[in-house]
Every structure is written in structure tokens, then in C-alpha cells.
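J.: what's the 3D shape of this:
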Amino acid sequence: MADAPILHRWVNLSRKISYKTKLFLLDGLLRPRRPYNMLRFGTYYGGWWIPRVDPSEGVAICVGAGLDVSFDLELHRLGYRVYTVDPTPASIEFVHTSVPELTLIPVGIWDSEGEIAFEQDERWNASWICIDSAPRGGSITGRIQTFPVTTVKALSESIGATQIALLKLDIEGAEHRVLRSIINDGLQPAVICVEFDDQRLRKVIDSTKLLGAYGYELIQLENFNFTFVRRVGPPSTG
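T.: You can find the predicted model right below:
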């Protein structure tokens with residue numbers, strides 16, 4: 001048992017090295033443009049880089065609240081019509097009690113409509129992951145609960161949004177399927193901010209290339225928070 005703390009430190013160090021190595025490789029392979037005039041809003045943990053502030057481009061849909069909606073609040077302050085989207089109990093309570101000025105939609109985002117099972121993170125109770133999107137092996141050990149889900153297209157139609165200025169996705173591993181759903185549905189948010197929680201290199205690269213072929217340019221990569229901006233002109237169908 002005396003070696004347990006040493007083993008724990010080595011495991012943590014190995015994870016950090018793997019994380020940093022992936023970021024180094026992705027930065028070199030994907031080469032985000034990083035224009036000099038980008039802006040960052042929100043806390044260190046919950047903030048994002050965006051290329052501009054223009055509420056006339058449409059609504060801001062921020063999917064995945066957790067317990068940090070600093071980015072949503074900044075967009076609200078800047079004049080965007082902001083919709084904060086999260087179906088999980090802690091997030092719903094947090095938004096309702098702490099930031100009632102935000103419009104909360106208590107659903108999850110997926111590539112279809114209905115209800116699906118989520119597993120609660122044993123280490124951080126406010127976090128839930130869709131079981132179908134979990135990039136893991138082994139058995140399920142956390143609490144299971146079913147939440148309602150919808151697509152970005154159906155959500156935007158339900159709020160009467162004809163244009164999406166900014167779409168933020170922090171959806172705990174479901175991002176690859178949801179990005180494909182957005183493309184299949186022909187949606188074209190002006191800016192897409194996505195956190196890749198499923199950090200398998202091939203999947204991250206494939207999703208980035210898919211967005212590139214659809215007409216988006218990667219302009220920032222901060223940790224696994226990626227910011228894409230839509231190029232001028234129609235998206236590619238290739």
C-alpha cells in the first residue's frame with residue numbers, strides 16, 4: 001500500500017503527457033489560423049475564443065451549461081439572444097437560481113429526438129455523459145438517468161431561430177455525432193465552438209476535416225476547445 005501514492009502520481013503524469021502530446025500533434029496537423037483580432041469571453045474554465053461580436057447574425061445557442069455559464073452571460077451582455085441548453089439536474093438548478101436572466105432549455109442535444117440514457121460522473125456529480133457516446137470500455141458504474149434530447153435543427157425551429165450566429169457544444173463526447181447531424185440537416189451557424197471530450201485523435205481529425213469540407217475554417221484550438229468560422233459562400237458537398 002505504501003507504493004499507492006507513487007503509482008497514483010505516475011498515472012496522473014502519464015495522462016498529462018498523453019494530453020499534451022495529443023494537443024501538440026493536433027496543433028501541428030490542423031494548423032488553426034488564429035487571427036490576431038479574436039476575442040475571448042468567459043472564465044478560464046468556461047470561456048471561448050470567437051472571431052467577432054455581431055448579434056445581428058442570429059441567436060446564440062450554448063449547449064452544455066455545467067456550473068459555469070460565464071460565456072453565455074457575456075454573450076447576453078453583448079446583445080445576443082442567448083439560449084442555454086442543458087437537461088441535467090444540477091445545471092438546471094444552477095441556472096434557475098443563479099442566472100435567471102438566461103433562457104434555459106432543459107433538453108440534451110443529440111442526432112435524433114426522443115429520450116436517451118445518461119450516466120453520472122462519479123467524481124463530478126454535475127456532469128453526465130450520454131451512454132451511447134461514451135468512448136470507454138468496461139462496465140457502467142455511475143447513476144443512470146433518462147433525459148429528453150433533440151437535434152440542433154429541431155431546437156432552432158422550436159425557438160423560431162432562422163439564423164444561428166454562434167453554436168457552442170460542450171456535450172461530453174456526443175459532439176462527433178451531433179456535428180454530423182448539423183451537416184446532414186444543412187445548418188450553417190456563423191461560428192461553431194466545440195469541446196472535443198471524445199479526444200481520440202482520429203475522430204477529432206475526421207470531424208475537423210468534415211467541417212472543413214462543409215465550409216468551416218478552424219481558427220482557434222485551446223486545449224480541446226475548437227472554434228470554427230463559416231467561410232463566405234455555399235458549403236461544399238464533397
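
J.: please count neighbours and contacts with C-alpha atoms only from this point.
T.: Noted.

J.: give the buried residues for the lowest-mean-pLDDT helix or strand in the chain.
T.: Scoring the helices and strands of the chain by mean pLDDT, DSSP states H and E places helix 4-30 at the bottom, with a mean of 83. By neighbour count on 16 or more other C-alpha atoms under 10 Å, the buried set for helix 4-30 is 22-23, 26.

J.: also stretch 224-231?
T.: Those would be 224-230, for stretch 224-231 by 16+ other C-alpha under 10 Å.

J.: distance from that stretch to the middle of the chain?
T.: Averaging C-alpha positions (C-alpha atoms, centre = their mean, to the nearest Å) puts stretch 224-231 11 Å from its chain's average.

J.: residues making contact with it?
T.: 23, 48-51, 188-197, 199, 215-221 (C-alpha atoms under 8 Å, 6 or more residues apart in numbering).

J.: where are the low-confidence patches of this structure?
T.: Low-confidence segments of the chain, defined by pLDDT under 70: 1-4, 7-8, 11, 134-141, 232-238.

J.: quick one: the helices in it?
T.: For the chain, the helices defined by DSSP state H cover 4-30, 70-77, 89-98, 152-158, 175-184, 201-214.

J.: between the fifth one and helix 201-214, how big is the angle?
T.: Angle of helix 175-184 versus helix 201-214, following axes from the mean of the first three to the mean of the last three C-alpha atoms, to 10 degrees, is 20 degrees.

J.: ok so, going back, what packs against the least confident helix or strand of the chain?
T.: helix 201-214 (3 or more C-alpha pairs under 8 Å, 6 or more residues apart in numbering; DSSP states H and E).

J.: kindly recompute the last result at 6 Å.
T.: Contact partners of helix 4-30 among helices and strands, from 3 or more C-alpha pairs under 6 Å, 6 or more residues apart in numbering; DSSP states H and E: none.

J.: can you redo the buried residues of stretch 224-231 as JSON lines with distance to Ala117?
T.: Shown next, in JSON lines, are the buried residues of stretch 224-231 (distance: C-alpha to C-alpha, whole Å):
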{"residue": "Phe224", "distance to Ala117": "25"}
{"residue": "Asn225", "distance to Ala117": "25"}
{"residue": "Phe226", "distance to Ala117": "27"}
{"residue": "Thr227", "distance to Ala117": "28"}
{"residue": "Phe228", "distance to Ala117": "29"}
{"residue": "Val229", "distance to Ala117": "32"}
{"residue": "Arg230", "distance to Ala117": "33"}
